[in-house]
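J.: The sequence and its predicted three-dimensional model are supplied below.
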Amino acid sequence: MTEWLADPLLVFAIAFAAVGLGFFGLGSAALRRRRPFRFASHLLLALLMLALGGLFATVSVSTQGYRALVREEVAFVVTTRPTGPQRFDAAFRFPDGREASYALAGDEFYVDAHILKWKPAANLVGLHTGYELGRVAGRYLDLADERGAARTVFELSRERPVSLFKLRRRFDLLAPLLDAEYGSATFVPAGEPARYEVRVSTTGLMVRRAPGNGPPGAI
């Protein structure tokens with residue numbers, strides 16, 4: 001319960017829902033007193049408050065998979081190791097200690113992510129630029145290979161009941177709050193053993209060699 005109350009969006013959702021129920025109560029009382037105009041106005045206000053509460057609750061649920069981003073940070077560290085011609089393993093280690101490994105086909109390691117950037121007005125209710133990792137895949141240098149060779153793609157994001165990207169495309173109501181929504185991708189050669197830091201900032205993804213693994217600098 002404490003975690004729920006720490007989310008400003010859920011607090012707003014609960015507040016609007018409570019006000020909406022209050023207007024429903026007033027509307028019922030007006031109906032019993034045979035005051036149709038007052039009943040209709042209270043009913044409209046109740047529906048409006050409940051709709052706003054539902055909107056805040058939906059946005060809160062749909063942003064649960066996104067990590068808040070206020071500066072450049074490490075999304076994960078990946079170690080690539082060739083296992084054969086145009087084949088390599090990619091071992092992930094995430095900041096929360098979670099690990100994952102994927103067998104990929106291609107000449108390069110590829111990863112993408114979703115970036116959500118909110119307008120200042122949305123920051124006031126706790127919505128800040130956030131990101132969610134999308135997919136990891138192998139990428140070929142030769143276009144013919146890219147079209148005809150084996151494809152290996154794995155999902156990095158977790159299943160959620162509501163997708164904010166889909167909500168934004170479906171409802172224009174979110175347009176005044178959302179400044180930008182875009183995908184970002186990056187890739188690096190995977191022909192030799194290497195370890196990289198995949199970083200994310202408000203401008204997108206980037207890859208840097210992990211400390212102690214070759215010269216520093218973005219790739």
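T.: The structure has been received and is ready for your questions.

J.: which residues of the chain fall in strands?
T.: All strands of the chain, identified by DSSP state E, fall at 67-68, 73-84, 87-93, 99-105, 108-118, 130-139, 153-155, 178-189, 194-201, 204-209.

J.: Output the ones you listed in a markdown table, with mean pLDDT appended to each entry.
T.: Shown next, in a markdown table, are these (pLDDT from 0 to 100):
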| stretch | mean pLDDT |
| --- | --- |
| strand 67-68 | 50 |
| strand 73-84 | 92 |
| strand 87-93 | 96 |
| strand 99-105 | 96 |
| strand 108-118 | 86 |
| strand 130-139 | 89 |
| strand 153-155 | 95 |
| strand 178-189 | 80 |
| strand 194-201 | 90 |
| strand 204-209 | 86 |
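
J.: Make a markdown table out of those and add distance to R147 and mean neighbour count.
T.: In short, each C-beta sits where N, CA and C put it, glycine included. Shown next, in a markdown table, are those (distance: least, CB to CB, whole Å; neighbours: other CB atoms under 10 Å):
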| stretch | distance to R147 | mean neighbour count |
| --- | --- | --- |
| strand 67-68 | 34 | 14 |
| strand 73-84 | 21 | 16 |
| strand 87-93 | 18 | 18 |
| strand 99-105 | 13 | 16 |
| strand 108-118 | 16 | 21 |
| strand 130-139 | 12 | 21 |
| strand 153-155 | 15 | 12 |
| strand 178-189 | 17 | 15 |
| strand 194-201 | 26 | 20 |
| strand 204-209 | 25 | 17 |
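
J.: wait, which of these is closest to L31?
T.: Among these, strand 178-189 comes nearest to L31, with 39.2 Å by CB to CB.

J.: My read is that T186 contacts R199, right?
T.: No - the criterion here is CB atoms under 8 Å, and T186 misses it with R199 at 9.2 Å.

J.: that older thread, for A13, which of the strands of the chain is the nearest?
T.: Taking the strands of the chain one by one with CB to CB, strand 108-118 is closest: 17.0 Å.

J.: What residues are bridge-paired with the closest residue to R208 other than its chain neighbours?
T.: In this structure, R208 finds its nearest non-sequential neighbour in E197, 4.9 Å apart by CB to CB, 6 or more residues apart in numbering. For E197, the beta-bridge partners under DSSP bridges are V77, R208.

J.: any shared contact partners between T186 and R199?
T.: L205, M206, V207 (CB atoms under 8 Å, 6 or more residues apart in numbering).
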